[in-house]
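*Asks:* This is a predicted model, with the sequence first.
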Amino acid sequence: MSEMSSVNRKLIQALAETISKQVKHFNKTEVECLIRGFHYLVEQNISKNTAGGLDRGRFRSILHDMFGMTDYMIMDGVFRTFDKDNDGSVSVKEWIEGLSVFLRGTLEEKIKYCFQVYDLNGDNYISKEEMFQLLKNSLNRQPTEEDPDEGIKDLVEITLKKMDHDHDGRLSFADFEKAVREENLLLEGFGICLPDNTSIETYERHLFEEQWEH
């Protein structure tokens, strides 16, 4: 058993060496912890058709349990940004690449990430329809006599006036980036898709400190 765990440790160290050279924001020791953490999450994966990765359902439950996310549309968008090869499963490298932005990304990296999450159909634009769907999903509306959809349509128009710099009725990445750089609060304007600082600290403490204590 100790020989096997020794082999596993060597494999993990070799993989960590490779990944840490390709991914920003994590050192080799942290990447080792992330690999171990990933294998633990995969072992709990209910679906066995993911070839050692995290399927959409398991990924959603991680976002919910560890980072307090509740919006399925946003969580599916986060899954798409992590699953770069679009094979329906997040591999260990995709997981670590995704977390590098999710947990420690620069503003520039986070702008790209959020834009991808909000671009529901992957056509490199956030359309009026996508804005409407995202806002309808993320706003906690109070029941009123008015048609709530009308209020959301108004909000979409107001948002477009503020963010659509080339006035083509949709948001390109350039529009989105310019608006967020001018007003950082707009980064997650269409729904919470990044963890708050408390969640990040809790997750990193659990992952990087506690693992080395055992």
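*Replies:* Looks like it arrived, so ask away.

*Asks:* what's the average pLDDT for the helix or strand where residue 175 lies?
*Replies:* Here residue 175, judged by DSSP states H and E, is contained in helix 173-182. On average, the pLDDT along helix 173-182 is 97.

*Asks:* Sort out which residues of it are buried, please.
*Replies:* 175, 176, 177, 178, 179, 180 (16 or more other Cβ atoms under 10 Å). Just so you know, the C-beta spots here come from the backbone N, C-alpha and C atoms, and that holds for glycine as well.

*Asks:* just checking, next helix/strand downstream of the top helix by length along the chain?
*Replies:* Taking DSSP state H as the criterion, the chain has its longest helix at helix 2-22. Next helix or strand after helix 2-22 toward the C-terminus (DSSP H and E): helix 28-43.

*Asks:* Without its sequence neighbours, what residue ends up closest to residue 77?
*Replies:* Of all residues not flanking residue 77 in the chain, residue 117 sits nearest, at 3.6 Å (Cβ to Cβ, 6 or more residues apart in numbering).

*Asks:* same question, residue 93
*Replies:* Distances taken as Cβ to Cβ, 6+ apart place residue 19 nearest to residue 93, at 5.9 Å, with adjacent residues excluded.

*Asks:* which residues does that neighbour contact?
*Replies:* 31, 35, 92, 93, 96 (Cβ atoms under 8 Å, 6 or more residues apart in numbering).

*Asks:* how about the residues you listed in JSON lines, adding neighbour count, pLDDT and distance to residue 161?
*Replies:* Shown next, in JSON lines, are the contacts of residue 19 (neighbours: other Cβ atoms under 10 Å; pLDDT from 0 to 100; distance: Cβ to Cβ, whole Å):
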{"residue": "31", "neighbour count": "24", "pLDDT": "95", "distance to residue 161": "44"}
{"residue": "35", "neighbour count": "20", "pLDDT": "93", "distance to residue 161": "46"}
{"residue": "92", "neighbour count": "21", "pLDDT": "95", "distance to residue 161": "43"}
{"residue": "93", "neighbour count": "18", "pLDDT": "96", "distance to residue 161": "41"}
{"residue": "96", "neighbour count": "25", "pLDDT": "97", "distance to residue 161": "39"}
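
*Asks:* that older thread, so what pLDDT did the residue nearest to residue 77 get?
*Replies:* pLDDT for residue 117: 98.
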